[in-house]
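A.B. asks: Build the 3D model from these lines:
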Amino acid sequence: MEDLSTGGLPGHADRGPPHRGAQLSRRRAIQAAVLLALGLLILYGVFRTVHPAEVATAIRGASLGWILVAEAAFVAFILVRGWRWLVILRASAPEAGLGDATAVTGIGFALNAVSPFKLGELLRIGAIAPRAGIGIGEASATVVVERVLDVLALLVIAVAAAAISGAGSHSFGLWSGVVVIGAISVVIAVLAFLAVSYPEPTLGLIERIAKRLPASVRRLVDNFAASVLKGFASLRSPRRLAVASLLSLLVWLCIVAGLVAFVRALTPQLSLATLVLACTIFVISQAISITPGSVGTYEGFFLLVLSTFGARPAALVTAVAVLSHVGNIVILLLAGAVGALWLRVNRPALPVRLERPVPS
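C.D. replies: Numbering: from 1, shown residues only. You can find the predicted model right below:
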């Protein structure tokens, strides 16, 4: 059988000029190079404050047992996140499968691990839509729900850790950014809930706003808006939302546990509650990745946050940052490879009209 989808035929003429594609690729390559250079510059600045030899010595003395615990926690992050996404997806796509949701999650986060601006989210949206039988708008809405639940779960973990450790007052300067991100997430959650609770007024408002657009664009906007509302279907079910919220806590406890294990691999400093708080605030700081693979920004923020809570010396904290960053990337790339293999082996069946009989 051969996939004869539209636009994939040999000699298909509906393509943009070749030079435009080359120009776009060149521009993206330049942007990536500039951002990578910025990340390397930040990383250089971090290493200027410490002795690289001390960082290397600290890494060599790391406990293998704790490193394995950390890597297992990062694997659990992908598995639980895939499960959580399935719970959200099935509100509008009952045929969605756990294998597909987890595989696409792995691929998306593998791209996030090496690209700037979380581009893996776009890949996840495009990859899950055809396999779950939903539109791009629906898939986008499920990712928005995921991200809102992510921030709220991290806030719950941070507040609980601060209450237990009593270390919240020492990190007052770090909380401002956390509060802003949390407030934005709450606003998005409220707007999404109102939109899905009152779909007709919402679509009517969007239609009025889109009236000035050309007819073809207006239809596209209207269809996309209707598709997005379908993707927010999980917000209508208190039970589904409660399950997704509990899984969100588990998702981020896995990541925080992994970071805590990496710290413990090198040092017993800081109480468990304080360490959980510090690692949670650090995770929130990584909500937007500016440089490819968060090179430089990861290490810089890790050193800033952990030092604020009293972790010393700087060389040791930097060693934890480098070790955890590399360990995280390794697991995410492996998850992406396994996910790509799953999608290749478990291809969705072609529509009947696109299937050719196999010659006998």
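
A.B. asks: Skip the chain neighbours and tell me the closest residue to Val196.
C.D. replies: Nearest non-adjacent residue to Val196, counting by C-beta to C-beta, 6 or more residues apart in numbering: Phe232, 4.1 Å away. Quick note: C-beta positions are derived from backbone N, CA and C, even for glycine.

A.B. asks: Spit out the contact partners of that neighbour.
C.D. replies: Contacts for Phe232 (C-beta atoms under 8 Å, 6 or more residues apart in numbering) come out as Ala141, Val144, Val145, Ala192, Phe193, Ala195, Val196.

A.B. asks: which of those residues tops the neighbour count?
C.D. replies: Comparing the contacts of Phe232 by number of neighbours (other C-beta atoms under 10 Å), Ala141 comes first, having 28 neighbours.

A.B. asks: how close does that one sit to Ala127?
C.D. replies: Note on Ala141: its distance to Ala127, by C-beta to C-beta, to the nearest Å, is 16 Å.

A.B. asks: so what's Val217 closest to, chain neighbours aside?
C.D. replies: That would be Ala210: by C-beta to C-beta, 6+ apart, it lies 7.6 Å from Val217.

A.B. asks: and if you look at Glu121?
C.D. replies: Going by C-beta to C-beta, 6+ apart, Glu121 has Val143 as its nearest residue, at 5.6 Å.

A.B. asks: Could you pull up the contacting residues of that neighbour?
C.D. replies: Val143 neighbours (C-beta under 8 Å, 6+ apart): Glu121, Arg124, Ile125.

A.B. asks: and of those, the nearest to Gly99?
C.D. replies: Proximity of those to Gly99 (C-beta to C-beta) peaks at Arg124, which lies at 14.6 Å.

A.B. asks: Tell me how many other residues crowd the closest one.
C.D. replies: Neighbour tally, Arg124, other C-beta under 10 Å: 26.

A.B. asks: Kindly state the pLDDT recorded for it?
C.D. replies: Here the pLDDT value assigned to Arg124 is 96.

A.B. asks: From Asp222, how far off is Ser216?
C.D. replies: 11 Å.

A.B. asks: Revised request: answer the last question for Arg147.
C.D. replies: 25 Å.

A.B. asks: quick one, what contacts the closest residue to Val243 other than its chain neighbours?
C.D. replies: Counting by C-beta to C-beta, 6+ apart, Val87 is the residue found nearest to Val243 once chain neighbours are left out, at 5.4 Å. By C-beta under 8 Å, 6+ apart, Val87 lies in contact with Ser234, Arg240, Val243, Ala244, Leu247.

A.B. asks: From the residues you listed, list just the buried residues.
C.D. replies: Neighbour counting with 16 or more other C-beta atoms under 10 Å marks Ser234, Arg240, Val243, Ala244, Leu247 as buried within those.

A.B. asks: Mark which of the residues you listed are part of helices, please.
C.D. replies: Here DSSP state H is the test, and those give Arg240, Val243, Ala244, Leu247 as lying in helices.

A.B. asks: Same list (these) but as JSON lines, adding pLDDT and distance to Ala103.
C.D. replies: Shown next, in JSON lines, are these (pLDDT from 0 to 100; distance: C-beta to C-beta, whole Å):
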{"residue": "Arg240", "pLDDT": "95", "distance to Ala103": "22"}
{"residue": "Val243", "pLDDT": "97", "distance to Ala103": "21"}
{"residue": "Ala244", "pLDDT": "97", "distance to Ala103": "19"}
{"residue": "Leu247", "pLDDT": "98", "distance to Ala103": "18"}
